[in-house]
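# Sequence and predicted structure are below.
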Amino acid sequence: RDAHQKRHNTHVATVEWRRRGYDAIYVLRNLKQKDRPLIPVAQRSWPEDAAACLHAASTLLRKNPSDWEAMFVRARAAIACGFPHRAFADYARLLCNGLEADAETLTFAMGDMGRLLQEQRRTFSQFMPPTSAEKDVDSDSGAVMRPCIAKIKAGSLLFRDGMPSSALPRDGTGYTGPDSNTTDSRALPSARPVSRCLSRVDGSTVAGREEALATAAAHKPFVMSHAHTFGSGRGEPAWHGQFLAQQLGNLRCHVLSAPAATRRFTYYWGGDGDTVHNRYEAPSPVSSHACTFGEYMSYVQAANRRASGTPGLSSMALSCSLSDPAGNSLSRSIADSSVASNAPQVVYLQTALARTEPGASNISIQPIPGAALRAIVASLATGLKTATVSRNDLAVSNAELVGMVARAAEVGRWTRSALFVSQGGETSQVHYDHYDNIYLQICGFKRILLLHPLHASSLYPYPAHHPLDQRARVQLDDLPHEHELRGGGTFAEHFPRFTEAVMHEVLLGPGDLLFIPHHWWHHVETVKPTVAGDFVISLNLWFDFAPKLLSPHRPLSASFMLELSRHLEFYLGMHIDTKYFGAFFAMCIDELQAPNEPHAAARADAANAGSLPRSLLVLRNLVFAELATSWLGWRGLRPFFCDLLNPLRFDGLQHKSSSLL
């Protein structure tokens with residue numbers, strides 16, 4: 001009897017405890033329905049009713065994760081109960097998902113979040129002191145850093161004014177998604193990615209040039225026909241192998257080699273000095289050599305004869321005296337190593353004709369022996385400086401037309417021009433550059449696929465700390481995607497979101513000019529010439545975007561959104577072992593999707609209740625606040641993480657050991 005009475009008393013107390021919690025939410029609903037002020041319920045005796053309100057609100061949210069009144073009450077109760085991480089998470093859900101909460105509630109939530117941020121900052125300094133990774137990046141030890149990492153060091157988009165102290169977003173913040181003509185196609189069920197032709201304009205007409213310049217000003221890609229690029233106009237020398245051999249003379253050219261089985265060039269050089277991209281197992285580096293253009297031609301011609309079955313042609317006849325960039329003779333030529341390893345190689349000449357040397361402020365033309373080619377490169381420098389050319393003048397020179405496009409796009413400093421020569425069939429791994437690119441097709445054809453920067457989720461980019469940073473794990477030369485990949489499996493198995501991709505395709509021919517804005521994904525494939533022995537020849541100009549990084553405009557463009565995601569990964573790498581990145585971003589996405597997905601809400605609530613370390617919750621909250629208040633706005637957080645920080649990107653990558661969390 002005593003035991004029964006005790007159970008009864010406990011039950012009555014529990015019912016009363018729960019009733020107080022539900023009463024608090026009921027009062028809140030009535031006040032809001034009658035348009036009465038929120039302050040009385042917000043200033044209730046929370047220490048007395050906090051636990052009951054927390055339990056009642058949690059019960060209601062399990063039934064309906066988007067119940068904003070219960071969300072608000074749970075956040076207030078969590079503060080009183082000493083659970084700041086749960087309170088911050090509930091307020092973030094309230095602000096991020098555009099729930100039907102009124103302006104007064106949101107204002108009150110932002111005020112509470114500002115006070116919570118003060119505590120989160122103190123906790124962060126306690127749990128997350130500066131790490132060895134951060135010291136390595138900030139030191140002047142002479143470690144090798146790629147230009148992309150140097151840009152982050154010089155102008156990181158994160159925590160420019162220190163840790164956030166307010167939850168109020170700055171003016172102009174917001175998330176800039178893909179334009180409407182690509183967003184619509186993502187909603188359509190499709191078994192294959194969508195492919196469209198890139199916008200093409202006629203450079204021989206005033207209207208065509210005006211359209212091209214307007215597109216460049218909007219920082220979107222386009223291709224201009226009849227641009228009369230070098231070698232295609234009247235009175236200009238025809239570009240072919242013998243012409244380049246004569247003009248380049250003894251100038252040492254940069255030549256890459258790749259396995260003939262894939263004909264894919266990754267542009268990963270290797271090296272132990274890279275202290276940033278060393279968190280993952282490195283792939284095989286690309287072989288890089290230096291030789292004259294004449295030696296390159298000899299190798300290609302001998303390879304063609306050997307491929308055609310010319311009798312009596314030995315591997316020694318295929319050899320040419322290639323050297324590495326340091327000028328040391330290779331122990332074996334490309335051909336000899338191919339025969340020894342039973343792995344034939346293809347070569348791709350990509351050499352600089354003009355570049356900015358380290359520490360220099362101006363670009364310098366390489367010592368090109370031939371006067372004709374040297375004059376062409378010099379004319380580019382003149383055309384970029386000429387600002388008085390009329391848009392209606394159809395008789396402008398090639399270089400002046402390039403200058404018009406560059407000025408319309410407001411590109412940065414001209415940092416490099418490269419000559420590309422190949423025999424056809426070579427592909428470049430899907431990647432993006434930190435440079436605006438004006439690409440001139442001179443001889444032959446190239447097939448180029450371009451993808452919007454925010455379609456990264458469809459391409460599964462390598463992480464920022466991977467040796468193949470800025471490259472995609474999806475290889476478009478492995479299409480059609482329903483077939484098995486070279487490494488086994490199908491696209492549908494390895495990359496299920498690839499079908500959401502929207503690709504813009506262009507066949508670039510002689511006389512075409514292509515503008516590729518920085519951070520646009522692109523796949524380049526050279527088309528085999530119809531005449532055996534002919535070369536596919538291109539010339540480009542790269543313009544650095546670093547000055548824009550130092551003072552970006554709000555709202556950020558799609559290109560800068562992609563760059564911001566890299567800065568976030570780089571920052572997190574100072575505090576978290578990269579092998580936990582996938583789990584961390586999955587936790588963030590669960591939190592942001594909680595009001596719309598019950599399963600995500602359950603996982604997020606478990607994390608906030610203590611299933612994850614406190615240090616990670618603090619780090620997540622501060623990252624949310626920084627991104628929302630500085631660049632994205634609270635409603636921009638969810639699409640930003642879903643589009644650019646897909647946890648599936650990290651699946652299957654081989655990590656190295658780390659001393660971080």
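Yep, that arrived.

# Where does the prediction get shaky in the stretch 301-450 of the chain?
Residue ranges of the stretch 301-450 of the chain with pLDDT under 70: 308-343, 359, 387-395.

# just the stretch 101-250 of the chain next, same as before
In the stretch 101-250 of the chain (pLDDT under 70), the answer is 127-155, 179-193, 229-237.

# What segments of it are strands?
Under the criterion DSSP state E, counting those that start in this stretch, strands of the stretch 101-250 of the chain are mapped to 194-197, 200-202, 222-225.

# got the buried residues for the second one?
Spelled out, that is strand 200-202. Neighbour-count burial for strand 200-202, counted by 16 or more other Cβ atoms under 10 Å, picks out Arg200, Val201. Glycine gets a C-beta too; all of them are placed from N, C-alpha and C.

# Can you give the distance of it from its chain's centre?
Its chain's average C-alpha position is 28 Å from that of strand 200-202, according to Cα atoms, centre = their mean, to the nearest Å.

# Can you tell me which of the strands of the stretch 101-250 of the chain is most buried?
Greatest average neighbour count among these goes to strand 222-225 (a mean of 23), per mean count of other Cβ atoms under 10 Å.

# Extract the CA atoms of that strand and return them as CSV.
Output in CSV follows, covering the C-alpha atoms of strand 222-225 (Å, rounded to 0.1, in the frame of the first residue of the first chain):
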residue,chain,number,x,y,z
PHE,A,222,30.3,32.9,-73.0
VAL,A,223,32.0,31.9,-76.3
MET,A,224,32.5,34.5,-79.1
SER,A,225,32.7,33.2,-82.6
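
# now the helices for the stretch 201-350 of the chain?
Applying DSSP state H, counting those that start in this stretch to the stretch 201-350 of the chain gives helices spanning 206-217, 241-248, 293-307, 315-318, 334-341.

# could I get these as JSON lines with mean neighbour count and distance to Thr499?
JSON lines is the format used below for those (neighbours: other Cβ atoms under 10 Å; distance: least, Cβ to Cβ, whole Å):
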{"stretch": "helix 206-217", "mean neighbour count": "18", "distance to Thr499": "28"}
{"stretch": "helix 241-248", "mean neighbour count": "18", "distance to Thr499": "42"}
{"stretch": "helix 293-307", "mean neighbour count": "19", "distance to Thr499": "37"}
{"stretch": "helix 315-318", "mean neighbour count": "15", "distance to Thr499": "43"}
{"stretch": "helix 334-341", "mean neighbour count": "17", "distance to Thr499": "37"}
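
# Okay, and Phe543 sits in which element?
strand 536-544 (DSSP states H and E).

# Which neighbouring elements make contact with the helix or strand following that strand?
The helix or strand immediately downstream of strand 536-544 is helix 546-550, counting by DSSP H and E. Helix 546-550 is packed against helix 147-155, helix 558-572, with contacts defined by 3 or more Cβ pairs under 8 Å, 6 or more residues apart in numbering; DSSP states H and E.

# between the strands of the stretch 101-250 of the chain, which one is nearest to Ser551?
The stretch from the strands of the stretch 101-250 of the chain with the least distance to Ser551 (Cβ to Cβ) is strand 222-225; that distance is 26.2 Å.
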